[in-house]
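Novice: structure for this input, please:
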Amino acid sequence: MQPSYRRCRIEAIVAGVLWFVCGCWVVGVSFFLGYAQPARSVFGVPHWVFWGVFVPWVVFFLIHCWYSLVFLRDDSPDDSQPPAGPASTEAR
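Specialist: Numbering: from 1, shown residues only. Down below sits the predicted model:
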């Protein structure tokens, strides 16, 4: 397995896990705060919107910024590998 493939696979898995965790947070917190408790407001919006939508968006935006600036890397082209696809023939 090529190192670039392995790196891309790890990056995709991390991105998928972050997406799943954020989705669970938004749906779970919004459901439980929206239906299980009396209506309150935080900064003029319902508390379930603040804690279930606004806070996770800000938190995961910051995580995404860190992830994209620190964790993700650009692969350098590897000249030692032959090009993919059919073998090229030289012009005659």
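
Novice: okay, which residue is most central for this structure?
Specialist: Geometric centre of the chain, nearest residue: Ala15, 3.4 Å, by C-alpha atoms, centre = their mean.

Novice: who are the contact partners of the nearest residue to that one once chain neighbours are set aside?
Specialist: Among residues not flanking Ala15 along the chain, Tyr67 sits closest, at 7.6 Å (C-beta to C-beta, 6 or more residues apart in numbering). Any C-beta I mention is one placed from the backbone N, CA and C, and that applies to glycine too. By C-beta atoms under 8 Å, 6 or more residues apart in numbering, the contact list for Tyr67 reads Val14, Ala15, Leu18.

Novice: just those: which are in helices?
Specialist: Counted as lying in helices by DSSP state H, out of the contacts of Tyr67, are Val14, Ala15, Leu18.

Novice: so the second one versus Phe43, what's the distance?
Specialist: Spatial separation of Ala15 from Phe43 under the definition C-beta to C-beta, to the nearest Å is 30 Å.

Novice: and what of the last one?
Specialist: Taking C-beta to C-beta as the measure, Leu18 and Phe43 are separated by 26 Å.

Novice: for these two, indicate the residue with more neighbours.
Specialist: Neighbour totals were compared for Leu18 and Phe43, and Leu18 leads with 14 against 8 (other C-beta atoms under 10 Å).
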